[in-house]
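A.B. asks: heads up, no residue letters with this:
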């Protein structure tokens, strides 16, 4: 085991944590240092709980996915703000069950995090045996359309990036 693997046993996870930290805080040098330190520490502390390492098959597709996610987060912020400010009495919040086709645990974590990072939706529960996610949506008009959208925009690209 090299010193890099010893200090950063899950570099993808650490990178994801750093990105998440920077998205939730300001993009400053201090937050970059603090986020990096937290990512390394959390990656090392959680190492015994990881059954296997995830492998990225297509790093370029991962970058495209992250770009799409950032755009979707910005769009969703505007949509949620408009709904809350102008149509709050017409909101139809609700839960729905999303059937998973992903098999890689890290890819499932990425999908659940993507759903929670996008304003208006939150991943509430992962059923490993049933291979489903319970999702809460701020405004649930068409459950089937939302499932199709999550599947095509997020799950299929993650399946290409991580699953065999």
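C.D. replies: Received, thanks. None of these values were measured; they are calculated from a predicted model.

A.B. asks: Return the distance of residue 28 relative to residue 66.
C.D. replies: Distance of residue 28 to residue 66, computed by CB to CB, to the nearest Å: 20 Å. Bear in mind the C-beta positions are built from the backbone N, C-alpha and C, glycine included.

A.B. asks: out of these two, which sits in the more crowded spot?
C.D. replies: The residue with more neighbours, out of residue 28 and residue 66, is residue 66; 14 against 10, by other CB atoms under 10 Å.

A.B. asks: give the contact list for the closest residue to residue 147 other than its chain neighbours.
C.D. replies: Nearest in space to residue 147, with sequence neighbours left out and distances taken as CB to CB, 6 or more residues apart in numbering, is residue 98 at 5.9 Å. Under the criterion of CB atoms under 8 Å, 6 or more residues apart in numbering, the contact list for residue 98 reads 132, 133, 134, 135, 147, 150.

A.B. asks: Hmm, the first one is touching residue 96, no?
C.D. replies: Translated: residue 132. No - assessed by CB atoms under 8 Å, residue 132 is found out of contact with residue 96, at 9.9 Å.

A.B. asks: wait, which of the contacts of residue 98 is closest to residue 74?
C.D. replies: The shortest approach to residue 74 among the contacts of residue 98 belongs to residue 150, at 17.8 Å (CB to CB).

A.B. asks: what about the closest residue to that closest one other than its chain neighbours, which helix or strand?
C.D. replies: Sequence neighbours aside, residue 98 is the residue nearest to residue 150 in space, at 6.2 Å (criterion: CB to CB, 6+ apart). Following DSSP states H and E, one finds residue 98 within strand 94-99.

A.B. asks: Does anything pack onto the helix or strand just after that strand? Which helices or strands?
C.D. replies: Sequence-wise, the next helix or strand downstream of strand 94-99 (DSSP H and E) is helix 105-117. Helix 105-117 sits against helix 11-24, helix 59-86, strand 121-127, strand 132-137, helix 156-162, with contacts defined as 3 or more CB pairs under 8 Å, 6 or more residues apart in numbering; DSSP states H and E.

A.B. asks: Mind listing residues that contact helix 105-117?
C.D. replies: Residues from elsewhere that reach helix 105-117 (CB under 8 Å, 6+ apart): 12-13, 16, 20, 23, 51, 54, 69, 73, 100, 102, 121-123, 126, 133, 135, 150, 154-155, 158-159, 161-163.

A.B. asks: So which bits of that helix are buried?
C.D. replies: Buried residues in helix 105-117, counted by 16 or more other CB atoms under 10 Å: 106, 107, 108, 109, 110, 111, 112, 114, 115, 117.
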